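**Q** pasting the sequence and the predicted coordinates here, then a few questions.
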Amino acid sequence: MEPYTDIAPVYDSLLRHVDYQEWYEYLVSVMKRHIDSPRNILELGCGTGRFGSKFSNDGYTIFGIDKSLEMLRVARTRAFLNFRILCADITDFRLAKAMDFIFSVHDTMNYLLKNADILSMFRCVRDIMHEGSIFMFDITTEQNICRNFDGKTSHYQLRNSTVQWSNIYDAKKRLVRSTLRFSRAGKTSVEEHLQRIYTVEEMSRLAKKGGLAVVGVYGDYTFEQPRDETVMINFVTRKA
């Protein structure tokens with residue numbers, strides 16, 4: 001089964017521990033630090049639309065792109081006011097007008113397994129940027145995977161479903177394989193997620209090759225430099 005299929009209806013419940021408001025406020029602080037009077041925003045990998053609804057409620061025009069129809073079905077329940085959702089692959093998309101602020105979070109970039117995919121995504125982003133635009137994205141770290149996920153299995157009881165989430169990390173290939181088993185109404189299904197671990201140096205080189213200049217690298221949704229224990233690396237880029 002494709003990733004983000006059966007997980008979609010229970011995704012928000014799985015992540016109920018996440019403080020989306022604090023996360024949203026960080027995104028806004030990045031945006032306002034670099035952009036004067038931002039209006040048009042794009043999220044790559046918008047999932048269930050948690051950020052889209054917040055930006056829209058604050059008066060911004062925001063577009064959300066995701067290739068999972070199941071996740072977008074959930075996002076559609078939040079797509080009001082100035083929040084619009086589009087089903088598209090983030091490595092191959094076009095928009096008719098330039099965006100002021102583009103962002104992609106929660107390790108969406110790690111789902112792009114090849115350098116060519118990353119480059120295609122960067123070039124699509126660059127095509128919808130103007131000289132003042134900012135693209136902010138994150139990647140998860142190898143330290144995070146080794147410490148918190150590799151070899152671990154978690155169990156969740158959600159609504160009328162149970163979820164078993166197992167993770168294995170292949171350090172040689174730098175690939176994380178996550179297997180989710182869903183049990184609901186006597187039926188069982190399985191979906192597998194595969195992510196690649198990138199270093200700061202790798203991603204910075206790819207950004208440059210894709211026509212973007214890295215103007216900031218931060219750790220864990222702060223404005224501090226990444227450290228050995230950092231879980232998420234945040235990049236801020238401009239059109240080169």
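**A** Noted; the coordinates are in hand. What you see is a predicted model; the values in this text were computed from it and never measured.
**Q** ok, now which ones touch the residue lying closest to Asn148 once chain neighbours are set aside?
**A** Nearest residue to Asn148, sequence neighbours excluded (C-beta to C-beta, 6 or more residues apart in numbering): Val231, at 7.7 Å. The way it works is simple: take the backbone N, C-alpha and C, and place the C-beta from them, glycine included. By C-beta atoms under 8 Å, 6 or more residues apart in numbering, Val231 lies in contact with 140-141, 143-144, 148, 220.
**Q** how does it look with 10 Å?
**A** By C-beta atoms under 10 Å, 6 or more residues apart in numbering, Val231 lies in contact with 107, 138, 140-141, 143-145, 147-148, 219-221.
**Q** please check those residues and keep the buried ones.
**A** The neighbour-count criterion (16 or more other C-beta atoms under 10 Å) marks 107, 138, 140-141, 144-145, 219-221 among these as buried.
**Q** of these, which belong to strands?
**A** 138, 140, 219 (DSSP state E).
**Q** nearest to Ile102, of the residues you listed?
**A** Asp138 (12.9 Å; C-beta to C-beta).
**Q** picking that back up, which of the buried ones among the contacts of Val231 lies closest to Lys97?
**A** Asp138 (25.2 Å).
**Q** nearest spatial neighbour of Thr199, skipping sequence neighbours?
**A** Glu142 is the one closest to Thr199 (C-beta to C-beta, 6+ apart), at 8.0 Å.
**Q** ok, that neighbour touching Asn148?
**A** No: counting by C-beta atoms under 10 Å, Glu142 stays clear of Asn148, with 11.2 Å between them.
**Q** for Ser178, which non-adjacent residue is spatially closest?
**A** Using C-beta to C-beta, 6+ apart, the closest residue to Ser178 is His193 (4.2 Å).
**Q** chain center to the helix or strand harbouring that neighbour: distance?
**A** Take DSSP states H and E as the rule and His193 turns out to sit in strand 187-196. Strand 187-196 sits 18 Å away from the centroid of its parent chain (C-alpha atoms, centre = their mean, to the nearest Å).
**Q** I'd like the average pLDDT over it.
**A** Average pLDDT, strand 187-196: 95.
**Q** by contact count, what packs against it?
**A** helix 115-127, strand 129-140, strand 161-170, strand 175-184 (3 or more C-beta pairs under 10 Å, 6 or more residues apart in numbering; DSSP states H and E).
**Q** pairing partners for it, with directions?
**A** Strand pairing for strand 187-196, determined by DSSP bridges: strand 175-184 (antiparallel).
**Q** before we move on, back to that, and the contacts of Val231, which is closest to Lys172?
**A** Distances from Lys172 to those, taken by C-beta to C-beta, are shortest for Ile145, at 13.5 Å.
**Q** the lengthiest helix in the chain packs against which elements?
**A** Identified as the longest helix of the chain according to DSSP state H is helix 20-34. Judged by 3+ C-beta pairs under 10 Å, 6+ apart, the packing partners of helix 20-34 are strand 40-44, helix 50-57, strand 99-104, strand 129-140, strand 212-219, strand 232-239.
**Q** same thing but 8 Å
**A** Contacts defined by 3 or more C-beta pairs under 8 Å, 6 or more residues apart in numbering; DSSP states H and E place helix 20-34 against helix 50-57, strand 99-104, strand 129-140, strand 232-239.
**Q** who are the packing partners of the helix or strand just after the first one?
**A** Next in sequence after helix 50-57, counting helices and strands by DSSP H and E, comes strand 61-66. Using 3+ C-beta pairs under 8 Å, 6+ apart as the contact definition, the elements that strand 61-66 packs against are strand 40-44, helix 50-57, helix 69-75, strand 83-87.
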